[in-house]
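**Q** this one's sequence-less:
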């Protein structure tokens, strides 16, 4: 099915591919060696962004747990309620954090995607694969509101993995 993901999304390489220029990156760390390392760095940057005193959410509770996604959803809900555009850098950091919550819980590897979902986390290989397209969901949550709930989206992963399903969550 990885071939299907590559065909559908024009995925070029897996985790051995470095993050391309133009994506948010911490220059002081150098370039990440892989997409996975880049996602890890960006997820850490997301947590650090909400760690200072007075942040809208408690960054210390961003622990890569499923429960922490409620806080992420709150951040995106603020943009929805204010009808404010989600900045590209925050979109990427938020997506990376959600990807890393899923990867730490279920494993998987990153593939390149399309314009709407530049990265995809593919969980499982062989008889079943679940492609998780977080980036469009993050944008949707900020624009469409609760109908694109991040915790609800995430809760859909486990049943598909347990059932050994081939599916793409968008």
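**A** Good, I have the coordinates. Since this is a predicted model, take the numbers as computed values, not measurements.
**Q** could I get the full set of helices for the chain?
**A** Defined through DSSP state H, the helices belonging to the chain, from first to last, are 2-9, 35-49, 69-82, 88-106, 134-144, 150-155, 157-162.
**Q** can you say which of the ones you listed is nearest to residue 58?
**A** If you check each of the helices of the chain against residue 58 by CB to CB, helix 69-82 wins as the nearest, at 7.2 Å. C-beta here means a position set from N, CA and C on the backbone, and glycine is covered the same way.
**Q** got the contact list for the closest residue to residue 75 other than its chain neighbours?
**A** Leaving aside its sequence neighbours, residue 75 sits nearest to residue 57 (CB to CB, 6 or more residues apart in numbering; 6.1 Å). Contact criterion CB atoms under 8 Å, 6 or more residues apart in numbering gives 50, 71, 74, 75 as the residues in contact with residue 57.
**Q** separation between residue 165 and residue 124?
**A** Relative to residue 124, residue 165 is positioned 9 Å away (CB to CB, to the nearest Å).
**Q** now for these two: what residues contact both?
**A** residue 130.
**Q** more neighbours: which of these two?
**A** residue 124 (18 against 13; other CB atoms under 10 Å).
**Q** re earlier: just the buried members of the contacts of residue 57?
**A** 50, 71, 75 (16 or more other CB atoms under 10 Å).
**Q** could I get those residues in TSV, plus columns for pLDDT and distance to residue 85?
**A** Rendered in TSV, the data for the buried ones among the contacts of residue 57 read as follows (pLDDT from 0 to 100; distance: CB to CB, whole Å):
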residue	pLDDT	distance to residue 85
50	95	19
71	98	21
75	97	14
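**Q** of those residues, which is the nearest to residue 112?
**A** Checking those against residue 112 by CB to CB gives residue 75 as the nearest, at 26.0 Å.
**Q** isn't that closest one right next to residue 97, touching?
**A** No: contact status for residue 75 versus residue 97: not in contact, 9.8 Å apart, counting by CB atoms under 8 Å.
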